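# Build me a model from this:
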Amino acid sequence: MTPIRRRWVDLVVIVICVCVTILMTWPLALRLDSHFAGQDNVDDGALVAQKDVMPHDWAYPTTWWEVGEVVSDEIALSVECVPPGVYRLGVGIYNSETGERTAIVSRPSHLLADEGRLILPEEVVR
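Next comes the predicted model:
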């Protein structure tokens, strides 16, 4: 895994019966020389929904970001085809050129880390 130091500033999750909206905001501490994408997923131990995105709907590659810039992105993840149940929500970042997930080197204490992604405390109930 590629370690990328980042401080998660704000993570807001809104669940609306068929869609999970995730707002991720973080400052860039160092210049990136590779393209990174986010991976948001819903699981119950097995993956049931996933969306891979580059910031701003693939229009703002991470190599364009400036050091000190605060980047926010809103991701809508459809759960319309997911069977009724209680699920957990995970977010991660990976190198879109190699597929390698970034390592989580630090995290807020209320978030769990699992296989290169953060598991959010909010449950998705469908």
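# pLDDT value on the residue nearest the centre of the chain, please?
With distances taken as Cα atoms, centre = their mean, residue 91 lies nearest the centre of the chain, 3.2 Å away. The score at residue 91 is 90. That number is its pLDDT.
# what's the answer for residue 8, then?
Per-residue pLDDT puts residue 8 at 45.
# Tell me where the model's unsure across this structure.
1-17 (pLDDT under 70).
# show me where it has strands.
Along the chain, counting by DSSP state E, strands occupy 2-3, 10-16, 19-27, 36-43, 47-53, 70-78, 86-95, 102-103, 112-114, 117-125.
# Partner strands of the last one and their direction?
Using DSSP bridges, the strands paired with strand 117-125 in its sheet are strand 86-95 (antiparallel), strand 112-114 (antiparallel).
# List every C-alpha atom in that strand, with coordinates, as PDB.
What follows is strand 117-125, C-alpha atoms only, in PDB (Å, rounded to 0.1, in the frame of the first residue of the first chain):
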ATOM      1  CA  ARG A 117     -10.500   1.900   4.000                       C
ATOM      2  CA  LEU A 118     -12.200   3.700   6.800                       C
ATOM      3  CA  ILE A 119     -15.400   2.300   8.200                       C
ATOM      4  CA  LEU A 120     -17.800   5.000   9.100                       C
ATOM      5  CA  PRO A 121     -19.900   4.800  12.400                       C
ATOM      6  CA  GLU A 122     -23.200   5.500  10.500                       C
ATOM      7  CA  GLU A 123     -25.200   2.500   9.500                       C
ATOM      8  CA  VAL A 124     -27.000   2.300   6.200                       C
ATOM      9  CA  VAL A 125     -30.500   0.900   6.700                       C
END
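# Could you pull out the buried residues of that strand?
The neighbour-count check on strand 117-125 (16 or more other Cβ atoms under 10 Å) flags 117-120, 124 as buried. All C-beta spots, glycine's among them, are computed from the backbone N, C-alpha and C.
# ok, so of those residues, who is nearest residue 100?
Nearest to residue 100 among the buried residues of strand 117-125 is residue 117, at 13.1 Å by Cβ to Cβ.
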